[in-house]
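Trainee: got a predicted structure here, sequence first:
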Amino acid sequence: MMKKLLLLSMGAVMALQASAQDVTRLSTNLMDGQKQNSVSVVKRNPNIKTTANSVLTVTPITIGSAVNAFTQIGQNRRRVSVDQDLNAVVFVHRGDPAVTGSSGNKAMFDISADGGANWTSNLGPVIDVQPAAPHTRYPQGAIMNPTAGNTNAANARIIGMAPKADGVNNGWGGLMQGTCKLDGTGSIKTYFNSGNAFIPQSLTKRVNGEFWATDDTTTDGNIVMYKGVYSAAGDSMIWSIGKTLGKPADLFDTSVDTATHYLDVLVAFDKTGNKGWAAVSCESKIGAVDTAFNPIFWKTTDGGATWTGPVEANLAAMSNVANDPNLGGLKPSMGFDTGLAVDKNGNPHFFGVVCGASATAYSLATGAPLSMYDVTLNGSGNWIANYVDTVSSFRGASFGTLTHDNECAVSVSTDGEAILYSWTDTKVANQTTAGANDFPDLFVKGYYVSSGTMGTTINATEGSSVESVAYLPARANEALVNSNGNYVLSTVIAVPTGDENVTVGFAYLDGIVYPKSTGVNNVKNTLFNISNNYPNPFSGSTSFDMNLNSSANVVVTITNLLGQQVKEAVNATYAAGAHTIKIDASNLNAGVYFYNVNAGGFVMTNKMIVK
């Protein structure tokens, strides 16, 4: 088997060559929630230039801690969960013996009763040690609200699941699960002794009282999806195998070498719970056999009772992806971090970085910049890839031996209307090694489902005390909708200690709110997308990426803060496909400007800063 599991280090197993706040609140006497001290982190790179954030004010809030940093790796092991009816946020993690006096093998949780503003930490355990499973790792957790519309916290539960480390199946076997009240009491722990569990991931709600998760290398050799249903009689989740997708050797190609090549297997459902998708990026046996990773999908329309698939979304058949200039002429391959969400129309959104694949071996060219795409369905039911943005870095070091890539994740708003993409990237100005993601910020971009419109990319951590140190972010797969109709992306980062083997702290990033509309970008644009410019800030010249769905005349103008045009940078006709547009700003004074891209009657605007 050859796959990317973020266990001992990010990408250690995959041997690739890398070149909401006004909804009903919880009862105030449920817990004594207090706002902890904001986080102050000493940046490892003293030359980083802090930039003010004119869009968001993000405040890191200290929450719980864990025995080591390994609990935080793997963006598809769900540790942050939200509930709109309760306006609650929960973060599940391994315990910290120094704080709780309990074993690090227990799974504890931190909870906010007011949408993330105030927190109570290190409650639980939601998963406890037992003789049958003395060692648990990599916990996932979620808020289980048994009925839609319930605002009584006493009826809700925290659920947790984690693999048992027992020296079997590469060190794993069996599945621990737990249930407790939102104040940490009444814990019920059981051992799901399927004998097959490896390291579950992608814990997701189908409907109130029912959750699904995936496990992609069980001891019997099958990729499975678990189904958990809440039992009020036992006050616990009853887990079973909801669907067996098959054995890796039957699904994935082994003709180039003897290994199977695939990434995290993911599952997600729409708001009704009827339409759902499972997906994995892999070298499949569908279509032409080559060395590129393409997403394959399974679909259900009856709440998981039956599934059809797999079907492949061939990236090379999508002209905008195949002609992406960042690929350097190589075949497109989605070979690293990916995320999956399902919108209110029941369409999947499979998001990640696209690299260039070698023609002869399983290796990927990851020299930045690289483009990110959302693989989804158009109105005709055909697979397409919507350009999201470009990253200027790829792999980087977190702390100790831990490394990370761009930590791509995708979340859906609780009303199903917005898709939020998020990722980490190190700005060019902060890179001490070219293309290395050593000093990451967290970026967020939205897609509005009803209008089919992309919003503007926001650097959420810019200007905050965790600028350039947004390490190992865990994000909820749902975004709360606040009283203004905006979207709250609940995110927890690891606070560096310098050693991944010692106690690690966590910080909740309060204030990541994405707007329900983005002004100039809220007109439906079916013609093109653009990225943020890079570098930014800059002096002399900068560039941005543009993807055209059809040939068009493109005019790029530069305006100042007063809206006055100061320069026409581009006026030319471009063919359909991906292009890199260069802006010469050598004659502009230092300051804030906007570049306005006009094509086919559509206009998109982004901010740039001249030093």
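Mentor: Arrived safely.

Trainee: next, Val321: phi, psi?
Mentor: phi -80, psi -50 (degrees, to the nearest 10).

Trainee: was I right to think it contacts Leu315?
Mentor: Yes. If you go by Cβ atoms under 8 Å, Val321 and Leu315 touch, sitting 4.9 Å apart. Every residue, glycine included, has its C-beta placed from N, CA and C.

Trainee: list residues touching both of these two?
Mentor: Here Val321 and Leu315 have 332, 354, 373, 385 as joint contacts, going by Cβ atoms under 8 Å, 6 or more residues apart in numbering.

Trainee: enumerate the beta-bridge partners assigned to the second one.
Mentor: By that I understand Val354. Ser371 (DSSP bridges).

Trainee: hmm, Leu370 and it touching each other?
Mentor: Yes. Applying Cβ under 8 Å as the test, Val354 and Leu370 come out as touching, 6.8 Å apart.

Trainee: now do the shared contacts for the two.
Mentor: Common neighbours of Val354 and Leu370 (criterion: Cβ under 8 Å, 6+ apart): Asn326.

Trainee: helices of this structure, start to end?
Mentor: 97-100, 248-251, 319-322 (DSSP state H).

Trainee: what packs against the last one?
Mentor: On a contact count with 3 or more Cβ pairs under 8 Å, 6 or more residues apart in numbering; DSSP states H and E, helix 319-322 meets strand 331-333, strand 383-391, strand 577-584.

Trainee: would you mind measuring from the closest residue to Pro332 other than its chain neighbours to Ser371?
Mentor: Excluding the flanking residues, the one nearest Pro332 by Cβ to Cβ, 6 or more residues apart in numbering is Leu315, at 4.1 Å. According to Cβ to Cβ, to the nearest Å, Leu315 and Ser371 sit 11 Å apart.

Trainee: what do the two both touch?
Mentor: 321, 354.

Trainee: quick one: distance of stretch 401-417 to the chain centre.
Mentor: Mean-position distance between stretch 401-417 and its chain equals 1 Å (Cα atoms, centre = their mean, to the nearest Å).

Trainee: and stretch 539-554, what's its mean pLDDT?
Mentor: What stretch 539-554 shows for mean pLDDT is 88.

Trainee: can I get it as PDB, trimmed to CA atoms?
Mentor: C-alpha atoms of stretch 539-554 as PDB (Å, rounded to 0.1, in the frame of the first residue of the first chain):
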ATOM      1  CA  SER A 539       7.500  46.500  -5.200                       C
ATOM      2  CA  GLY A 540       8.000  46.600  -9.000                       C
ATOM      3  CA  SER A 541       5.700  44.000 -10.300                       C
ATOM      4  CA  THR A 542       3.200  41.300  -9.200                       C
ATOM      5  CA  SER A 543       1.200  38.600 -10.900                       C
ATOM      6  CA  PHE A 544      -2.200  36.900 -10.600                       C
ATOM      7  CA  ASP A 545      -3.600  33.800 -12.100                       C
ATOM      8  CA  MET A 546      -6.800  33.800 -14.300                       C
ATOM      9  CA  ASN A 547      -8.900  31.000 -15.700                       C
ATOM     10  CA  LEU A 548     -11.100  31.700 -18.600                       C
ATOM     11  CA  ASN A 549     -13.900  29.400 -19.600                       C
ATOM     12  CA  SER A 550     -14.000  30.900 -23.100                       C
ATOM     13  CA  SER A 551     -12.000  33.400 -25.200                       C
ATOM     14  CA  ALA A 552     -12.500  37.000 -24.100                       C
ATOM     15  CA  ASN A 553     -11.000  40.500 -24.200                       C
ATOM     16  CA  VAL A 554      -9.500  41.200 -20.800                       C
END
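
Trainee: can you check the pLDDT for Thr120?
Mentor: Model confidence at Thr120, expressed as pLDDT, equals 96.

Trainee: not counting its neighbours along the chain, what's nearest the most centrally placed residue in the chain?
Mentor: By Cα atoms, centre = their mean, the chain has its centre lying nearest to Ala409, at 1.4 Å. Among residues not flanking Ala409 along the chain, Gly339 sits closest, at 4.2 Å (Cβ to Cβ, 6+ apart).

Trainee: one more: Leu588?
Mentor: In space, Leu588 is closest to Val610, 5.1 Å off (Cβ to Cβ, 6+ apart).

Trainee: sorry, back to before: pick the most deeply packed of the helices of the chain.
Mentor: Using mean count of other Cβ atoms under 10 Å, the stretch among these with the greatest mean number of neighbours is helix 319-322 (a mean of 20).

Trainee: could you give the average pLDDT over that one?
Mentor: Helix 319-322 comes out at a mean pLDDT of 88.

Trainee: got it, and stretch 462-480?
Mentor: Here the average pLDDT along stretch 462-480 is 94.

Trainee: equivalent analysis for stretch 575-586, please.
Mentor: 91.

Trainee: domain ranges for this structure?
Mentor: Domain assignment for the chain by automatic domain parsing gives 20-524, 541-610.

Trainee: dump those to CSV, plus distance to Ile530.
Mentor: Listed next are the domains of the chain as CSV, based on distance: least, Cβ to Cβ, whole Å:
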stretch, distance to Ile530
domain 20-524, 8
domain 541-610, 5
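
Trainee: how about the strands in the stretch 301-450 of the chain?
Mentor: In the stretch 301-450 of the chain, the strands defined using DSSP state E, counting those that start in this stretch lie at 308-312, 331-333, 338-342, 348-357, 364-365, 370-377, 383-391, 396-397, 403-404, 409-413, 418-425, 441-448.

Trainee: mind telling me which of these the model trusts least?
Mentor: Among these, strand 364-365 carries the lowest mean pLDDT (a mean of 70).

Trainee: next, the distance between the ends of stretch 60-71.
Mentor: 19 Å (Cα to Cα, to the nearest Å).

Trainee: so which of the shared contacts of Val321 and Leu315 is the closest to Gly116?
Mentor: Tyr373 (29.6 Å; Cβ to Cβ).

Trainee: shaky segments in the stretch 201-350 of the chain?
Mentor: 217-220, 257, 287-289 (pLDDT under 70).

Trainee: re earlier: for the helices of the chain, give me JSON lines that also has distance to Gly416.
Mentor: Formatted as JSON lines, those follow (distance: least, Cβ to Cβ, whole Å):
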{"stretch": "helix 97-100", "distance to Gly416": "37"}
{"stretch": "helix 248-251", "distance to Gly416": "30"}
{"stretch": "helix 319-322", "distance to Gly416": "26"}
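
Trainee: between these, which one is closest to Thr542.
Mentor: Using Cβ to Cβ, the nearest of the helices of the chain to Thr542 is helix 319-322, at 22.2 Å.

Trainee: who's in contact with the closest one?
Mentor: Contacts to helix 319-322, defined as Cβ under 8 Å, 6+ apart, come from residues 315-316, 331-332, 354, 371, 373, 385, 387, 547-549, 576-578.

Trainee: buried ones among those?
Mentor: Among the contacts of helix 319-322, those buried by neighbour count (16 or more other Cβ atoms under 10 Å) are 315-316, 331-332, 354, 371, 373, 385, 387, 547-549, 576-578.

Trainee: tell me the one of those residues nearest Phe91?
Mentor: Phe91 lies nearest to Tyr373 out of the buried ones among the contacts of helix 319-322, by Cβ to Cβ, at 29.2 Å.

Trainee: which ones are touching the closest residue to that closest one other than its chain neighbours?
Mentor: Nearest residue to Tyr373, sequence neighbours excluded (Cβ to Cβ, 6+ apart): Ala385, at 4.1 Å. Residues near Ala385 by Cβ under 8 Å, 6+ apart: 313, 315, 318, 320-321, 354, 373-376.

Trainee: with Tyr508 instead?
Mentor: 60-61, 63, 89, 91, 110, 112, 116, 119, 490-492.

Trainee: export those as TSV, with columns for neighbour count and distance to Phe538.
Mentor: Below are the contacts of Tyr508 laid out as TSV (neighbours: other Cβ atoms under 10 Å; distance: Cβ to Cβ, whole Å):
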residue	neighbour count	distance to Phe538
Pro60	27	28
Ile61	23	33
Ile63	25	36
Val89	29	37
Phe91	24	37
Asp110	25	40
Ser112	26	38
Gly116	29	34
Trp119	24	39
Ser490	27	33
Thr491	28	28
Val492	27	32
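
Trainee: from Pro348, how far out is Ala341?
Mentor: 8 Å.
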